[in-house]
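Asker: What follows is a predicted structure for the sequence shown.
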Number of protein chains: 2
Amino acid sequence: MNWTVDQLQAFVTAAHLGSFSSAARQLNKAQSRVSSAIANLEIDLGIELFDRTPRYPVLTELGAQMLPEAEFVLAQCQRFDSRAQFAAKHDVISLRITMDEALPIETTSTIFTLFGQKFPHVNLVITSGSRDDVANAVAKKRADIGLMLSSTVLPMDVEFESLGYFKKILIFGMSHPLAKFETVSRTQLQGHRQLVLCNRSGEGREDAFSPNHWYIDSYYVICDLAVQNQGWAMVPEHIADSNWFAKHIHVRSCDQMFSGTMLEVGVVKRNGHSMGHIEKWFIEQLKDLIAK
Amino acid sequence: MNWTVDQLQAFVTAAHLGSFSSAARQLNKAQSRVSSAIANLEIDLGIELFDRTPRYPVLTELGAQMLPEAEFVLAQCQRFDSRAQFAAKHDVISLRITMDEALPIETTSTIFTLFGQKFPHVNLVITSGSRDDVANAVAKKRADIGLMLSSTVLPMDVEFESLGYFKKILIFGMSHPLAKFETVSRTQLQGHRQLVLCNRSGEGREDAFSPNHWYIDSYYVICDLAVQNQGWAMVPEHIADSNWFAKHIHVRSCDQMFSGTMLEVGVVKRNGHSMGHIEKWFIEQLKDLIAK
DNA sequence: TGTTACTATCCGAATTTCGGATAGATGAAG
DNA sequence: CTTCATCTATCCGAAATTCGGATAGTAACA
């Protein structure tokens, strides 16, 4: 393997333009260079790429078969190079994002699309998990930034920055005793079981309002149980509205009932981890989207 | 983009071995070459790949992120090269095979598996179609060799070479009038509709035995119609035995009844197209498999 | 037949590549 | 603490290669 990328370049452009001379002009090289570059490539590969008997060189059968291969290799080389140039400028080549599975996918997926357009050379690693997983992944350096709903307990070495709020709403199943009332009072709620979010470890609970309550570590499980009339709950609006649950639960406004009806959402990052402008861009986009 | 494949090679092996010197030994180069190769690569990419302050150089964060990229590019270069070496030797880099859809898939798929093991550098293009499609694809240079059941009419510029024979058997539907007989005579058959294969254009028919007959261009359609008791037919054994039809049709031996109970199978290739030894290998394998 | 545009080849200057030698540095061993 | 082995960066001169220009031969075209 003695050929160079330049030789591949000469081969590919000559094949496209159909002439060594024009290839030389396009590549800003002397014509003799393109000629000898291709000749040397042919020697090295052991393949005659062009038939030179006609006026303009024409690809041989094997040459035509090797052309797409060469184009592919060349493209990979260029991708490698531009990625390196990018990394040299921005000091980053991949960004690992982890997010709470309770976040609305519509929101985040549009961000990733934007991200891919704006930073085509950056690898994204997207993981998701429960709220604990998110904070831990950031703390343990398995992720660069995390996206999660606010939690009262956080690992020591990460910090939380608020981005905005999601509205929480009151839900219960179709056959739940409260379903027959148009409005419900605080007292009525206290008479039934509340489904409250907690961490995976069972700690870091939200405040339970009803003395009768279950602690559950996932909003999705909570909604599932609500569908089966096992209790009422306060959950983020987008989860109750999702296709899985929307038709099987009752929704009641409860603005006047609780103060903490808003759920804080924010990013977690390692303490002292200074963010590059890619990370900043990402967080700005998130703020915009959540504000809507 | 000014770096060379050699520099990538030096980077990758040095990263793996953890030392420039050992990389130089493995690559049969002077140590100074590896050192300067990597230094030049770093300059060209604008990235510091190794941290040289410790005893042994250790990858920087960016260097670690670029390593798999470099490995990938290198692997593509080597693949390109070995494929070229192969093509130089065998004059082929891809083989386009087209086959009659009536051929037993079990047979051919094992051949393709073998082929992939024996010639990992050859691209396979596999298409299938009716018997006309096969011959035409070869004639029109859309395929290199075709695999089909014998046909009385072939395009001018292709030739047929016999590989072996498939047994044909007599079939009819479960409720067909002939189903109640253990054996059937030629006269009985002539009293019922025969389903006969023809070309897509309606020409190139097999000989119809019964004066009452339909011409159909696919054995699968023929079997379908037989299942629905629309007539009797002579079809290749493997088609009648296939999962689709086996339980819905009656099979009768008919060796003593017809002389042409064998169906010739063979390859078609362009006139004068001299086969490389890859094509020969392929055809040999086919002969072996069909003989079984 | 002359003109134009193409390719292969030759050539000398300029550049790069190559391995060896050297010097400084580091970690292990005594 | 000293010695030693081994590492890396750098320098060096010879050798090889690369580079663009010049030239010659050739095919298409008017």
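Answerer: Nice, I can see it.
Asker: Lowest-scoring secondary structure element of chain A by mean pLDDT?
Answerer: Ranked by mean pLDDT, DSSP states H and E, the helix or strand of chain A with the weakest confidence is helix A:105-118, at a mean of 81.
Asker: Confirm that A:Ala87 sits in a strand.
Answerer: No: A:Ala87: not assigned to a strand; according to DSSP: H, G, I helix; E, B strand; the rest coil it is helix.
Asker: show me what contacts it?
Answerer: A:Ile93, A:His121, B:Leu45, B:Ile47, B:Leu62, B:Gln65, B:Met66 (Cβ atoms under 8 Å, 6 or more residues apart in numbering or on different chains). In short, each C-beta sits where N, CA and C put it, glycine included.
Asker: so what's A:Ser175 closest to, chain neighbours aside?
Answerer: Closest residue in space to A:Ser175, ignoring its immediate chain neighbours: A:Asn229 at 5.0 Å, by Cβ to Cβ, 6 or more residues apart in numbering or on different chains.
Asker: Please tell me the pLDDT value assigned to the one you found.
Answerer: You'll see A:Asn229 listed with a pLDDT of 90.
Asker: Now do the SS call for it.
Answerer: A:Asn229 - assigned by three-state DSSP - is coil.
Asker: What is the neighbour count of it?
Answerer: 19 (other Cβ atoms under 10 Å in any protein chain shown).
Asker: Quick check, it in contact with A:Phe172.
Answerer: Yes: between A:Asn229 and A:Phe172 a contact is recorded at 7.2 Å, counting by Cβ atoms under 8 Å.
Asker: ok so, going back, which residues does the least confident helix or strand of chain A contact?
Answerer: Residues contacting helix A:105-118 (Cβ under 8 Å, 6+ apart): A:Met99, A:Val122, A:Leu124, A:Ile126, A:Leu147, A:His238, A:Trp281, A:Phe282, A:Gln285, A:Leu286, A:Leu289, A:Ile290.
Asker: Just the closest of those residues to DNA strand C, please.
Answerer: A:Val122 (30.6 Å; Cβ to the nearest atom of the strand).
Asker: Skipping adjacent residues, who's closest to the closest one in space?
Answerer: Spatial nearest neighbour of A:Val122, excluding adjacent residues (Cβ to Cβ, 6+ apart): A:Leu95 at 5.8 Å.
Asker: Could you measure from A:Ala14 over to B:Leu286?
Answerer: 40 Å (Cβ to Cβ, to the nearest Å).
Asker: Compare these two (neighbour count), which wins?
Answerer: Per other Cβ under 10 Å, whichever of A:Ala14 and B:Leu286 has more neighbours is A:Ala14, with 26 against 21.
Asker: just to revisit the earlier point, if I pick the residue nearest to A:Ser175, what's in contact with it?
Answerer: A:Asn229 neighbours (Cβ under 8 Å, 6+ apart): A:Phe172, A:Gly173, A:Met174, A:Ser175, A:His176.
Asker: mind redoing it with 6 Å?
Answerer: A:Gly173, A:Ser175, A:His176 (Cβ atoms under 6 Å, 6 or more residues apart in numbering or on different chains).
Asker: Who's the closest spatial neighbour of A:Gly18, skipping the chain neighbours?
Answerer: Nearest to A:Gly18 is A:Tyr56, by Cβ to Cβ, 6+ apart, at 5.4 Å.
Asker: pretty sure that neighbour contacts A:Ala15?
Answerer: No: A:Tyr56 lies out of contact with A:Ala15 (Cβ atoms under 6 Å); the separation is 11.2 Å.
Asker: how about the least confident helix or strand of chain A: buried residues?
Answerer: A:Thr107, A:Thr108, A:Ile111, A:Phe115 (16 or more other Cβ atoms under 10 Å in any protein chain shown).
Asker: quick one: contacts of the helix or strand hosting A:Glu42?
Answerer: According to DSSP states H and E, A:Glu42 maps onto helix A:31-45. By Cβ under 6 Å, 6+ apart, the surrounding residues in contact with helix A:31-45 are A:Asn2, A:Trp3, A:Gln7, A:Ala10, A:Phe11, A:Phe20, A:Ser21, A:Ala23, A:Ala24, A:Glu48, A:Leu49, B:Ala84.
Asker: For A:Thr13, give its distance to A:Val221.
Answerer: Using Cβ to Cβ, A:Thr13 is found at 59 Å from A:Val221.
Asker: What ranges does the stretch 151-292 of chain A have for its helices?
Answerer: A:186-190, A:219-227, A:237-240, A:277-291 (DSSP state H, counting those that start in this stretch).
Asker: can I get these in TSV with distance to B:Tyr215?
Answerer: Shown next, in TSV, are these (distance: least, Cβ to Cβ, whole Å):
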stretch	distance to B:Tyr215
helix A:186-190	78
helix A:219-227	60
helix A:237-240	62
helix A:277-291	64
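Asker: So which of these is nearest DNA strand C?
Answerer: DNA strand C lies closest to helix A:277-291 among these, at 33.1 Å (Cβ to the nearest atom of the strand).
Asker: Taking their axis directions, that closest one and helix A:105-118 sit at what angle?
Answerer: Interaxial angle, helix A:277-291 versus helix A:105-118 (axes from the mean of the first three to the mean of the last three Cα atoms, to 10 degrees): 150 degrees.
Asker: In helix A:277-291, which residues are buried?
Answerer: Across helix A:277-291, burial judged by 16+ other Cβ under 10 Å covers A:Ile278, A:Glu279, A:Phe282, A:Ile283, A:Gln285, A:Leu286, A:Leu289, A:Ile290.
Asker: which bits of the stretch 1-150 of chain A sit near DNA strand D?
Answerer: A:4, A:6, A:28-33, A:37, A:40, A:53-55 (Cβ under 7 Å from any atom of the strand).
Asker: circling back: which of the contacts of A:Asn229 fall within strands?
Answerer: A:Gly173 (DSSP state E).
Asker: Among the contacts of A:Asn229, which one lies nearest to A:Cys198?
Answerer: Checking the contacts of A:Asn229 against A:Cys198 by Cβ to Cβ gives A:Gly173 as the nearest, at 20.8 Å.
Asker: Select only the buried ones of the residues of the stretch 1-150 of chain A next to DNA strand D in ChimeraX?
Answerer: Entered in ChimeraX, the line below selects the buried ones among those, by 16+ other Cβ under 10 Å:
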select /A:6,37
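Asker: which SS class is the residue of chain A positioned farthest from its centre?
Answerer: Taking Cα atoms, centre = their mean, the residue of chain A most remote from its mean C-alpha position is A:Thr53, at 54.3 Å. Following three-state DSSP, the label given to A:Thr53 is coil.
Asker: State the pLDDT value of it.
Answerer: 89.
Asker: so what's it up against?
Answerer: A:Thr53 touches nothing, counting by Cβ under 6 Å, 6+ apart.
Asker: Please apply the same query to the one 10 residues further on.
Answerer: A:Gly63 makes contact with A:Leu49, A:Phe50, according to Cβ under 6 Å, 6+ apart.
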